[in-house]
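In: generate a structure from the sequence data that follows.
(chains A and B)
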Amino acid sequence: MGEPRTTWNYILSFKGWAQCRMATDPDPANEKRGVSGYTFALPGERDLDQVICFQPGDRVVQRSFCPEVGISVIGGSQYKATTITNGSMNPREEFQGEPSSIAEGNPFYGARVDLVNSPIFDSRNSTIVYDGYGLISPFDMQIRTANSPQELTVQRSYYVDPSKPGTSLSDVPILELQTHVMKTQVYNSENLNSPYPGSANILLKSNILDPSAYRFRRRQQLEGQLAETECPTAQAALKKRIAELRISDPKNRRSAQMGAKVLAPYNLNSLQATLNSQEFDPGPAWPLEMWMGGWDADSLCFFVMGTLKTSFDFDPLSHCKS
Amino acid sequence: MKSSSQIRTREELIYALCRAAEIEHGLTCIYLFAAFSMKRFLSEGIDEVQQDQVRNWEAVVLAVAKQEMEHLGIVCNLLNSIGAPQHFSRPNLPQPAEYYQTEFPFSLEPFSLATIQMFMEFEKPATNDFAEGEVEGDGLVPDPIRTQNFHTVQELYATVLEGFEYLDTQGDLFIGPPEAQINDGEIVVGFNNREYGITMIEVTDLQTAKQAVDIIIEQGEGIPIEAVLSTKHARELQRLYGRVVENLQVMKGLTFDVENWRQSAELLCVALSKQHELLVEARELLKDDEQLLNEVYWYLPHTVVELIDMAIAELSALHGKAEAILHADNPDSPVGELEGIQSAVMRVTQYDVEGVLLSGFTNPESHYIKFWSIYEQLKTIDYQPARNVVSNPALRLHADNKEWADQVTIAENPYSRNVMELLNASYETMVQMLLLTFSYNNMSNDARYLFTRTAFFPFMSMVIRPLCEMLTLLPVGGYDDDRRTGPPFEYYIDIALLPNFNAGMKYLNERLVQIAKFSDPLVTVPEELRGYLGEEQFTYLREEMTYLNGTLHRIQQNFAAGPVPSDLQS
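Out: Modelled structure (predicted):
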């Protein structure tokens, strides 16, 4: 039983669209243009790079009529507590005062949530794990309030084994990694009437209630754009997108994957974290509930929603740069 | 459709299915070879639009190859259902057309217009009922099963189907254990199989055997399926197609010599007149379905009606030339000119006319139509879409193809040869795993999971494919030799079942260790290739080989960890 300590806790809910310009099976994981899968680098675009982008930047390729990339904190709560740690997990907390909402005016409100250091969905076609989605590697989550008057950057990671943070996934036996794979729930026409609650949630949150209709609308928009496009390279790119969007069978993975929900079980467990680049001991793992879904193969984007609980032995807001 | 051969014993059915397995396997290699010969980089002399076009063709050819693998898997299930052993053996390539009684030889050729024409012939549907039995059945040993010359493997499957139907009436046909059947879920990593265009049928009775054969025929030759493409005149178009092909055969059979060229020229003109009438009639039928056809074939450079108009115009011009020679008082070298006309008529009819007619009544997703659509696009381009890959590259000749040595190019470049050897060993090991997967009916689910999660993904996509792609960049000879090599898919031993599971695991693990170790020094790509390939392709090669090396070691480690307990399966 550890000593009681005062902790500053922030429960941050976030959402938004991310992009991953990756090839899809049966293309090899490192395929640069996309051939036999259903995702492609279009004429005029640079090669696929597999990198998961939670924030806009040089790696993101914004296609017409597609969601804009950017994941930010949309709310949550904060409270001070007396915490008693029993082992590395399951701390017991007693509130000090009442929790308050994270809303406009709070530095964390609107903070950018990012996965840094060029993470990928690392499966290598079921070489790393026997699973198509693989593991997100590396998983270095960063919360940055840079757009608010008070700047604060918090970063912590998830490792398969937090005592060996430098270990490459390919050095961990596959059967051990199998216990860390992300869980997938699939919504498609075959379980439309199933009681599975996530399907409606994912489609509602990502604003894609009917994947086939969503793709059809996009196709119509692109056909209009194509009619006004004269550049041969841009025409070829639009034709490729339209050709793919013509595949409208709701059971086809181009549509069905929009209802696939991937749960990322990555509690941030690294033994070190950073606050404005200064390392500190963050204590027990920070619980993270995060799902990804609404995978839109045309935009190479997917919707992300999650909640992260951070906990500090000090008031992080007192470290804000003004 | 009736077949020209009859199957009356289990042995004959096994023989026919083994032949089918060989053909599907061989076609897979042939299609993969062509797909991987296509250019990928802008530094290979193509622009971004061309790069996209070539990529799309590669995707089509790969999709067809994938379905040939599916067909092979279905044939495995059919063999299993009647208690027969699997058949993954096949002769090394090339093999002459006579070997499988096909129109073209089985040969590894780079992607080109001529290659696509060859593929169209492989996948072309049969037109006629073959009432005449060529082979006496009911023997103690199987008589040869013949596919109809000029047309392709459809008749073989018709023969197989009739064999199943007949033998089922004799009782006790389906003696194979049902648990040996491989189903959809077992071979695919993903959340359903439709995404890969794969449908594995578990064969346990006549009904499922029929379903299995139907899938193969529909996907391949695309026999008439009104439900898929509901043209109003599908049956009439099919009838016209049969008559056009008959007429083509008449023209094909004409010979021209100095003494009697006039008589043959007259027959050619008569046949061309008849062809013209048939095509005009077909044009009206297609015109009546123009809207639907334009919707289905929106991606072609011309509409279906435009294509038949162009074919009619071309044949009319050839007809005019033949008539002019016929009516000239003293034509110069009529034989040479007439032979040239005959050859052009063959080409236009066999590819342009047949393609456009078949587009009016066959499954648009069939292999034939997919190849035809590439053919129509390829005709219009003015650039070279494929690398300068030689036909039938090989490490060495084998007992079963040495007779065709003149069609084989033995690679001499040491680095290229090592990569070829790595590919051959990997391919053979993968096939060995497939054989075990489809054969061990007492294999535990945990073990079968390991085998399928090794042989399909990642071996096919992360080992075989990158090796094939790298090989078509590598020189046949020295670093001044512009000819590129390619995947030879050589067999060194007859692929046979490893009889004991534990010994099989050890043997395969040993092979995987050897393969991974063999790849270690290949990570050091010869510096001469930098100048040969240019910086972009050299960098790709070096990175790809390094990535592959890591993959091979990881696959071996995964395999060595053994069967995957059910609670750890994804």
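
In: drop to CA atoms for contacts and neighbour counts, all remaining ones
Out: Noted.

In: same for the helix ranked longest in chain B, what does it pack against?
Out: Among the segments of chain B that qualify as a helix by DSSP state H, the longest is helix B:48-81. Counting contacts by 3 or more Cα pairs under 8 Å, 6 or more residues apart in numbering or on different chains; DSSP states H and E, the secondary-structure elements packed against helix B:48-81 are helix A:232-245, helix B:10-36, helix B:206-220, helix B:367-378, helix B:414-439.

In: dump the ones you listed into a markdown table; add mean neighbour count, distance to B:Glu323 and mean pLDDT as well.
Out: Converted to a markdown table, the helices and strands packed on helix B:48-81 look like this (neighbours: other Cα atoms under 10 Å in any protein chain shown; distance: least, Cα to Cα, whole Å; pLDDT from 0 to 100):
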| stretch | mean neighbour count | distance to B:Glu323 | mean pLDDT |
| --- | --- | --- | --- |
| helix A:232-245 | 19 | 44 | 97 |
| helix B:10-36 | 23 | 40 | 95 |
| helix B:206-220 | 19 | 39 | 88 |
| helix B:367-378 | 23 | 29 | 95 |
| helix B:414-439 | 21 | 54 | 94 |
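
In: would TSV of the ones you listed with distance to B:Met200 be doable?
Out: Written out in TSV, the entries for these read as follows (distance: least, Cα to Cα, whole Å):
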stretch	distance to B:Met200
helix A:232-245	25
helix B:10-36	15
helix B:206-220	8
helix B:367-378	18
helix B:414-439	12
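
In: quick one, the longest helix of chain B and helix B:10-36 angle?
Out: Here helix B:48-81 runs at an angle of 160 degrees relative to helix B:10-36 (axes from the mean of the first three to the mean of the last three Cα atoms, to 10 degrees).

In: chain center to helix B:48-81, what's the gap?
Out: Shown here is helix B:48-81, whose average C-alpha point lies 8 Å from the average C-alpha point of the whole chain (Cα atoms, centre = their mean, to the nearest Å).

In: try stretch A:59-71
Out: Averaging C-alpha positions (Cα atoms, centre = their mean) puts stretch A:59-71 14 Å from its chain's average.

In: measure that stretch end to end?
Out: Stretch A:59-71 stretches 15 Å from its first residue to its last (Cα to Cα, to the nearest Å).

In: picking that back up, quick one, which of the helices and strands packed on helix B:48-81 gets closest to A:Ser118.
Out: helix A:232-245 (26.0 Å; Cα to Cα).

In: same for the next helix-or-strand element following that closest one, what does it pack against?
Out: Sequence-wise, the next helix or strand beyond helix A:232-245 is helix A:253-256, with elements assigned using DSSP states H and E. Using 3+ Cα pairs under 8 Å, 6+ apart as the contact criterion, the elements in contact with helix A:253-256 are helix A:211-227.

In: report the angle between the longest helix of chain B and helix B:367-378.
Out: Relative orientation of helix B:48-81 with respect to helix B:367-378: 170 degrees, computed using the same axes, to 10 degrees.

In: wait, which of the helices and strands packed on helix B:48-81 is closest to B:Asn77?
Out: Relative to B:Asn77, the nearest member of those by Cα to Cα is helix B:414-439, separated by 7.6 Å.

In: report the inter-axis angle for the helix or strand just after that closest one versus helix B:414-439.
Out: Scanning the chain past helix B:414-439 towards its C-terminal end, the next helix or strand to appear is helix B:445-454 (assignment: DSSP H and E). Note on geometry: by the same axes, to 10 degrees, helix B:445-454 and helix B:414-439 are set 150 degrees apart in direction.

In: so does helix B:445-454 get close to chain A?
Out: Yes. Helix B:445-454 comes into contact with chain A (Cα under 8 Å from any Cα of the partner chain), by way of B:Arg453.

In: which parts of that helix are buried?
Out: Within helix B:445-454, the residues that count as buried by 16 or more other Cα atoms under 10 Å in any protein chain shown are B:446-454.

In: kindly report the same for stretch A:47-61.
Out: With burial defined by 16+ other Cα under 10 Å, the residues of stretch A:47-61 counted as buried are A:47-56, A:59-61.

In: same check on stretch B:89-106?
Out: Neighbour count says stretch B:89-106 has B:89-96, B:100-106 buried, by 16+ other Cα under 10 Å.

In: among these, which pair sits farthest apart?
Out: The largest separation in the buried residues of stretch B:89-106, counting by Cα to Cα, is between B:Ser89 and B:Glu103 at 22.0 Å.

In: and of the helices and strands packed on helix B:48-81, who's closest to A:Ala18?
Out: Relative to A:Ala18, the nearest member of the helices and strands packed on helix B:48-81 by Cα to Cα is helix A:232-245, separated by 19.2 Å.

In: can that closest one be said to contact chain B?
Out: Yes. Contact of helix A:232-245 with chain B (Cα under 8 Å from any Cα) involves A:232-233, A:236.

In: looking at this, A:Met141 is in a strand?
Out: Yes. Residue state for A:Met141 (DSSP: H, G, I helix; E, B strand; the rest coil) corresponds to a strand.

In: what's near enough to touch B:Leu338?
Out: The contact partners of B:Leu338, by Cα atoms under 8 Å, 6 or more residues apart in numbering or on different chains, come to B:256, B:265, B:322.

In: which of these tops the neighbour count?
Out: The most crowded member of the contacts of B:Leu338 is B:Ala265, carrying 24 neighbours; neighbours defined as other Cα atoms under 10 Å in any protein chain shown.

In: the helix or strand where it lies packs against which elements?
Out: Per DSSP H and E: B:Ala265 is located in helix B:261-288. Using 3+ Cα pairs under 8 Å, 6+ apart as the contact definition, the elements that helix B:261-288 packs against are helix B:234-252, helix B:304-327, helix B:334-347.

In: can you tell which of those helices is closest to B:Leu358?
Out: Closest of the helices and strands packed on helix B:261-288 to B:Leu358 is helix B:234-252, at 7.4 Å (criterion: Cα to Cα).

In: centre of the chain to the closest one, how far?
Out: Distance, stretch centre to chain centre, for helix B:234-252: 24 Å (Cα atoms, centre = their mean).

In: let me see the mean pLDDT of it.
Out: Looking at helix B:234-252 alone, the average pLDDT works out to 91.

In: what are the contacting residues of that helix?
Out: Residues outside helix B:234-252 that contact it (Cα under 8 Å, 6+ apart) are B:127-128, B:224, B:226, B:267-268, B:271, B:274-275, B:278, B:282, B:285, B:342, B:346, B:349-350, B:354, B:357-358, B:360-361.

In: now the buried members of these.
Out: Among the contacts of helix B:234-252, those scoring as buried are B:127-128, B:224, B:268, B:271, B:275, B:278, B:282, B:285, B:342, B:346, B:349-350, B:354, B:357-358, B:360-361 (criterion: 16+ other Cα under 10 Å).
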